[in-house]
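Novice: Sequence first, predicted coordinates after that:
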Amino acid sequence: MFMEARGGLIKLVSKNHQYLGVNNAIDALCKIEDNKGKLGVFWHTQGSGKSISMIFFAQKIFRKIAGNWTFVVITDRKELDGQIYKNFGDTGVITESLAQATSSANLRQLLTEDHRYVFSLIHKFRTETGQQHTEVVVNGGANMGIGPEYWSIQNAKMCYNSLLKGPVFVESAFFVGF
């Protein structure tokens, strides 16, 4: 995989922890029924390449596991959302021009369309004031929630509940935390 960086194009090669982590997460995905839809946590320290690991993970799923996959990347901070979106864009894996939710209504629209990746802040998984709660049926494919900053118990619960039980409900989604 290649990434656009200052000075030009660079080749990304996984570090040992990324290689092992991605392969373990793929193994967990292959045993998803035993895991009850949960893939666990892919632990990283600060600055160790979480967003790059997410890209390696998603791209390997696209290459190795059949399905019409949609990856929903859920963050809790605008800066982190922008950073992760930029990293995905710089590697060329985002092929759509608008895959980053701008509002709750936009998130619902993106989830019903055919996108490989959807990026959203967690607070957009809500019903707008005055709107009725409705479930969102996601494009009919296999859906994967990715939660960076999942190490925080509060963030883990919020991501999981937002994706699987919240007002913007993504039916039969799998979830992995980074």
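Specialist: In hand now; what should we look at?

Novice: Which parts of the protein are strands?
Specialist: Along the chain, the stretches classed as strands by DSSP state E are 2-5, 8-11, 38-41, 70-75, 117-121, 143-147, 173-177.

Novice: now the second one: mean pLDDT?
Specialist: Yep, that's strand 8-11 we're talking about. When pLDDT is averaged over strand 8-11, the result is 92.

Novice: Note down every partner strand of that strand and its orientation.
Specialist: strand 2-5 (antiparallel) (DSSP bridges).

Novice: re the thing from before, looking at the strands of the chain, which has the lowest confidence?
Specialist: Looking at those, the lowest mean pLDDT belongs to strand 143-147 (a mean of 60).

Novice: do you know how far residue 120 is from residue 56?
Specialist: Here the criterion is Cβ to Cβ, to the nearest Å. By it, residue 120 lies 21 Å from residue 56. Quick note: C-beta positions are derived from backbone N, CA and C, even for glycine.

Novice: remind me which residues of the chain are low pLDDT?
Specialist: 37, 44-45, 126-173, 175 (pLDDT under 70).

Novice: Please name the residues that touch residue 40.
Specialist: Counting by Cβ atoms under 8 Å, 6 or more residues apart in numbering, residue 40 touches 25, 28, 176-177.

Novice: can you give me the helices in this structure?
Specialist: Counting by DSSP state H, one finds helices in the chain at the ranges 16-30, 50-64, 78-90, 104-112, 153-165.

Novice: Can I get the ones you listed in JSON lines including distance to residue 10 and mean neighbour count?
Specialist: Rendered in JSON lines, the data for these read as follows (distance: least, Cβ to Cβ, whole Å; neighbours: other Cβ atoms under 10 Å):
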{"stretch": "helix 16-30", "distance to residue 10": "15", "mean neighbour count": "15"}
{"stretch": "helix 50-64", "distance to residue 10": "11", "mean neighbour count": "19"}
{"stretch": "helix 78-90", "distance to residue 10": "10", "mean neighbour count": "16"}
{"stretch": "helix 104-112", "distance to residue 10": "29", "mean neighbour count": "19"}
{"stretch": "helix 153-165", "distance to residue 10": "30", "mean neighbour count": "16"}
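
Novice: out of those helices, nearest to residue 1?
Specialist: Closest approach to residue 1 among those is made by helix 50-64 (6.7 Å; Cβ to Cβ).

Novice: for that closest one, packing partners?
Specialist: Applying 3 or more Cβ pairs under 8 Å, 6 or more residues apart in numbering; DSSP states H and E, we find helix 50-64 packed against helix 16-30, helix 78-90, strand 143-147.

Novice: which one of those lies closest to residue 102?
Specialist: Nearest of the helices and strands packed on helix 50-64 to residue 102, taken as Cβ to Cβ: helix 78-90 at 11.0 Å.

Novice: Tell me how far the closest one lies from the chain's centre.
Specialist: On the basis of Cα atoms, centre = their mean, to the nearest Å, helix 78-90 sits 12 Å off its chain's mean C-alpha point.
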